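Visitor: Give me a 3D structure for the following:
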Amino acid sequence: MDNVILAILIFSITYLVIVIEILPKTTIALFSATLMILFKILTQHEAISHIDFNTIGLLIGMMIIIAIIKRTGLFQYLAIKAAKFANGDPMKILLIFAVITAISSALLDNVTTVLLMVPVTLLITDSLEVDPTPFLITQILASNIGGTATMIGDPPNIMIGSATRLGFLDFVINLAPIVLIIFLIIIFIIKKMYKNELSVSQKIKDKILEFDETKSLQNKKLLFKSIFVLGLTILGFGFHQILDIESALVALFGASLLLVISDLEPEKVLEDVEWTTIFFFTGLFVVVGGLEKVGVIESLAHYLLNLTKGNVVLMALLILWVSAISSTIIDNVPFVATMIPLIKTFEATASLEIAPLWWALALGSCLGGNGSLIGASANVVVAGIANKHDTPISFVSYLKVGFPLTLLMMFITSIYLYFRYLV
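Guide: Here you go, the predicted model:
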């Protein structure tokens, strides 16, 4: 069989299995990667060269830092403190938790943030005797919106940052302004949407005020060390371009430094690294590399160039909306992995100013992940925890909220892209 057809077939089956979830996505990504080598579409050396080790290193480094921070109880402390600050008022708690989730997602990553925030949220909603669904849906939205603002907040941005010369500050300067506007608009809508569903008696509110947040802090010495290293790491991201070092090195230096000064057993810390995610990325890079090797990516790039007649405005808006719709249907990571070499080909074949295309891809894929319950990894994580708590979020109930809000985000983002970069 022709290598082109074989590569497309392997890639298509991989996508299909990821969408309908016959197998775990890591399983199919690794299996398909080995097929690319087995059928000699790629040599083993070529397969390894297609793995973006900057993305992998950045993910592992941040996962180690977060795994150590998790041991301090910081997130539980912040959540309980915030709930008490709101005097037990459910709506105020929902809004404050959304702010905490968005900021944490920008500085850490959105998947880890929801893993830490959702269990505490469920504890608070149980005490308030209110439906947790509005809280959980709001946190999904806040995590994806907040994660869009920085290079390290959402896996698609990590991949884009690693594949380009764009640094941490580039993401903040270009994405944070529109992210802040979108977040404020969405929070305003959420407040109006749920205002009649979140009212409780003063007696129930008083339950929250009885919580002792200090009991959450399990290791204050480790907490101070963790905050110091996290601050140093974020500072490193801000200056990594000036220092001429890769973002992965910043993350891995921070992780190894924290391991050194924390005196924790590395085996225990590494158990908390999401190795399934790391291997999913590894396999996916190889599968997309196979498509790139046989020329499919280049052919698609030429087709889109002809379709848009090389008009950067049309191309950016097309990428934005296709990214958003695709990220609603499937996890945004496979789509971004396919789009990155495609945009690079635009630059090579048409000599386009492609910076707006990267921002369109980042905004479309990250914000588009809000469109459905399977649109982004954070959504799936929240839904899974909710199911274990016997308060499942149905696909349709989320879709009724997430999809219209995602369309609104895309309209706002289209206006932003057009007037900032394309006029």
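Visitor: Would you check that residue 249 makes contact with residue 57?
Guide: Yes: between residue 249 and residue 57 there is a contact at 7.3 Å, judged by CB atoms under 8 Å. For the C-beta atoms, the positions are set from N, CA and C on the backbone; glycine is no exception.
Visitor: Among the two, which residue is more densely surrounded?
Guide: Comparing residue 249 with residue 57 by other CB atoms under 10 Å, the one with more neighbours is residue 57, at 20 against 16.
Visitor: so the more buried one is in which element?
Guide: According to DSSP states H and E, residue 57 maps onto helix 53-70.
Visitor: With just CA atoms, put that helix into PDB.
Guide: Below are the C-alpha coordinates for helix 53-70, written out as PDB (Å, rounded to 0.1, in the frame of the first residue of the first chain):
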ATOM      1  CA  PHE A  53      11.000  17.200  23.800                       C
ATOM      2  CA  ASN A  54      10.600  20.900  24.800                       C
ATOM      3  CA  THR A  55       6.900  20.200  25.200                       C
ATOM      4  CA  ILE A  56       7.500  17.000  27.000                       C
ATOM      5  CA  GLY A  57      10.100  18.500  29.300                       C
ATOM      6  CA  LEU A  58       7.900  21.500  30.100                       C
ATOM      7  CA  LEU A  59       5.000  19.200  31.000                       C
ATOM      8  CA  ILE A  60       7.100  16.900  33.200                       C
ATOM      9  CA  GLY A  61       8.800  19.800  35.000                       C
ATOM     10  CA  MET A  62       5.500  21.600  35.800                       C
ATOM     11  CA  MET A  63       3.900  18.300  36.800                       C
ATOM     12  CA  ILE A  64       6.700  17.600  39.400                       C
ATOM     13  CA  ILE A  65       6.400  21.200  40.800                       C
ATOM     14  CA  ILE A  66       2.600  20.800  41.100                       C
ATOM     15  CA  ALA A  67       2.900  17.300  42.600                       C
ATOM     16  CA  ILE A  68       5.000  18.800  45.400                       C
ATOM     17  CA  ILE A  69       2.700  21.800  45.900                       C
ATOM     18  CA  LYS A  70      -0.200  19.500  46.200                       C
END
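Visitor: List the contacts of the residue positioned nearest the centre of the chain.
Guide: For the chain, the residue nearest the mean C-alpha position is residue 154 (2.6 Å; CA atoms, centre = their mean). By CB atoms under 8 Å, 6 or more residues apart in numbering, the contact set of residue 154 is 105, 109, 110, 144, 147, 148, 366, 369, 376.
Visitor: which residue packs closest to it, ignoring adjacent ones?
Guide: Nearest residue to residue 154, sequence neighbours excluded (CB to CB, 6 or more residues apart in numbering): residue 147, at 3.6 Å.
Visitor: can you pull the contacts of that neighbour?
Guide: Residues in contact with residue 147, defined by CB under 8 Å, 6+ apart, are 105, 106, 109, 110, 113, 153, 154, 157, 366, 378.
Visitor: and which of the residues you listed is nearest to residue 406?
Guide: For those, the minimum distance to residue 406 (CB to CB) is 10.9 Å, reached by residue 366.
Visitor: Surely the closest one and residue 156 touch.
Guide: Yes: with contacts counted by CB under 8 Å, residue 366 reaches residue 156, the gap being 5.5 Å.
Visitor: shared neighbours of the two, which are they?
Guide: Here residue 366 and residue 156 share the contacting residues residue 332, scored by CB under 8 Å, 6+ apart.
Visitor: quick one, which of the two is more surrounded?
Guide: The residue with more neighbours, out of residue 366 and residue 156, is residue 366; 32 against 29, by other CB under 10 Å.
Visitor: now residue 279, nearest residue through space, not along the chain?
Guide: Computed as CB to CB, 6+ apart, the closest residue to residue 279 that is not its neighbour in sequence is residue 26, at 5.2 Å.
Visitor: And whichever strand or helix holds the one you found, what's buried?
Guide: For residue 26, the element it lies in under DSSP H and E is helix 25-38. For helix 25-38, burial by neighbour count (16 or more other CB atoms under 10 Å) applies to 25, 26, 28, 29, 30, 31, 32, 33, 35, 36, 37.
Visitor: List the buried residues of whichever strand or helix holds residue 176.
Guide: Using DSSP H and E, residue 176 sits within helix 168-194. For helix 168-194, burial by neighbour count (16+ other CB under 10 Å) applies to 168-172, 174-176, 178-179, 182-183, 186-187, 190-191, 194.
Visitor: likewise stretch 271-281?
Guide: 273, 274, 277, 278, 279, 280, 281.
Visitor: Please, where are all the helices along the stretch 101-250 of the chain?
Guide: Along the stretch 101-250 of the chain, counting by DSSP state H, counting those that start in this stretch, helices occupy 110-128, 133-147, 155-163, 168-194, 202-209, 220-243, 247-262.
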